[in-house]
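> sharing a sequence plus its predicted fold:
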Amino acid sequence: MLMKLKGQTAIVTGAANGIGAQTALLLSQQGANVVLIDSTSCAGTLQAIQSFRGKGVYLECLGEIRDKEFVNAAIARASDMFGELHILVNNMCICSTHNETPSSIDQWELEADVNVQATSLFIQGVSPYMVEQKYGRIINISSVSSCGKERTFTASKDAVSKLTKQTAKALHEYGVTCNSVAPVAMANLDEVTIHQTGTAASIAEAVLYFASSRSSYTTGQILKVDGGFCIESLN
């Protein structure tokens, strides 16, 4: 097995399940120390990591990702335990189920806080570490939702894409890249062009590319991993 990330440290938000869990597992398999961030237990992810790597290569931080104090404390714990921080994967998000009807202000604020504000807080938190060491990989999970109908989710994830480009522009001179992986929502899998089941592991592989040295000349990009979902809108 190639160990592309041996000795590096990766922070993954939303690591309890889904894309976050698969990403944390894959990065760990590639040699990275992983910091698991979520509001609920990451026990399943931890068990998977322990099954092949043993203990001592992970840290679990549970709390409210919209809270700046929690975010900074989690990042500081990661630095204290592992030293340099090399990779940040902003994956935590929520999506309204009210697709085509106007969402309430409360729902909009919640999605904006989790999907955009928390992403920004983690970027702000890790940036000083990455700038100082003149190396870093920031990967945001956005969405191909601009092809769909989820109004508040679309707006928040479009904001994440814009934040990705602005962060890339601000940090490129310090050896820090920032890119985004845009998956298709699992609910839309029956609309993809490539007729095979999309999985969280497929998204994790795209994240691994941006997290590795192979992406050193790539920044500010949005990689759609959607099985051709968006091109269906061209019909």
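Nice, I can see it.
> all strands of the chain, in order?
All strands of the chain, identified by DSSP state E, fall at 9-13, 33-38, 58-62, 87-90, 136-141, 176-183, 222-225.
> quickly, which of the ones you listed bottoms out on average pLDDT?
With a mean of 88, strand 222-225 has the lowest mean pLDDT of the strands of the chain.
> how about that one: buried residues?
Across strand 222-225, burial judged by 16 or more other C-beta atoms under 10 Å covers 222, 223, 224, 225. For glycine as for every other residue, the C-beta is placed from the backbone atoms N, C-alpha and C.
> in a markdown table, list these along with distance to residue 8.
A markdown table is the format used below for the buried residues of strand 222-225 (distance: C-beta to C-beta, whole Å):
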| residue | distance to residue 8 |
| --- | --- |
| 222 | 24 |
| 223 | 20 |
| 224 | 26 |
| 225 | 22 |
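> buried sites along stretch 27-40?
Under 16+ other C-beta under 10 Å, the buried positions of stretch 27-40 are 27, 28, 29, 30, 31, 32, 33, 34, 35, 36, 37, 38.
> repeat that for stretch 71-79.
Quick answer for stretch 71-79 (16+ other C-beta under 10 Å): 71, 74, 75, 78.
> what pLDDT does the nearest residue to the first one once chain neighbours are set aside get?
Read it as residue 71. Nearest residue to residue 71, sequence neighbours excluded (C-beta to C-beta, 6 or more residues apart in numbering): residue 121, at 4.5 Å. pLDDT, residue 121: 96.
> gap between residue 121 and residue 58?
Residue 121 sits 22 Å away from residue 58 when distances are taken as C-beta to C-beta, to the nearest Å.
> swap in residue 221?
29 Å.
> same question, residue 109
32 Å.
> higher neighbour count, these two?
Shown here are residue 109 and residue 58; by other C-beta atoms under 10 Å, residue 58 has more neighbours (23 against 13).
> how many residues are close by residue 134?
10.
> once you drop chain neighbours, what's closest to it?
residue 175 is the one closest to residue 134 (C-beta to C-beta, 6+ apart), at 4.3 Å.
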